[in-house]
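K.L.:
just to be clear, the model below is a prediction. Sequence and coordinates:
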Amino acid sequence: MMMQQVVEQTLTIQQMAEITGLSAHTLRYYERAGLLHDLVDRNQQNGYRYYTQRHINWIHFIKCLRATGMPIRDIRRYTELLHQGDHTVRDRLNLLKAHRLRVEQQLTEVQQHLEAVKRKISYYEMLD
């Protein structure tokens with residue numbers, strides 16, 4: 001029986017930008033900011049960055065954290081903890097729980113603001 005080797009597709013920074021919806025500039029910034037924590041590999045011959053599915057998954061998670069308002073410094077801390085190993089699971093969990101609490105508080109506030117807007121719309125519709 002012959003074993004098949006699975007070769008993972010590699011992507012250029014331009015392809016990665018297209019897939020993730022981030023610019024190449026942002027991807028480079030994330031790398032410099034320590035959010036990719038040495039995850040990005042480089043071609044030994046030309047020095048170009050290349051990415052894999054693992055990078056896509058991680059960047060989608062970073063985008064989720066950013067979209068919910070997590071500061072870069074907290075994402076960097078999470079990334080550092082992740083790469084320190086399993087003994088940091090509790091710290092990572094606590095960081096994510098604190099973030100979740102902030103997001104839930106923001107959602108409550110936004111819901112209250114939305115209700116105020118709806119009341120104003122109702123008022124104006126009565127006048128119309």
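P.N.:
Received the coordinates, thanks.
K.L.:
okay, now E31: neighbour count?
P.N.:
The number of residues packed near E31 is 16, by other C-beta atoms under 10 Å. C-beta: built from backbone N, CA, C; applies to glycine.
K.L.:
for it, which three-state class applies?
P.N.:
Put simply, E31 is helix when judged by DSSP: H, G, I helix; E, B strand; the rest coil.
K.L.:
quick one: classify Y50 as helix, strand or coil.
P.N.:
strand.
K.L.:
nearest spatial neighbour of it, skipping sequence neighbours?
P.N.:
Beyond its immediate neighbours in the sequence, the residue positioned closest to Y50 (C-beta to C-beta, 6 or more residues apart in numbering) is T10, lying 4.2 Å away.
K.L.:
for the one you found, the count of nearby residues, please.
P.N.:
Other residues within reach of T10, judged by other C-beta under 10 Å, total 16.
K.L.:
and for K118?
P.N.:
K118: 10 surrounding residues under other C-beta under 10 Å.
K.L.:
check the gap between the most centrally placed residue in the chain and T10 for me.
P.N.:
The central residue of the chain, meaning the one whose C-alpha is nearest the mean C-alpha position (C-alpha atoms, centre = their mean), is I62 at 1.1 Å. Here I62 is placed at a distance of 20 Å from T10 (C-beta to C-beta, to the nearest Å).
K.L.:
before I go, just wanted to say thanks for your time.
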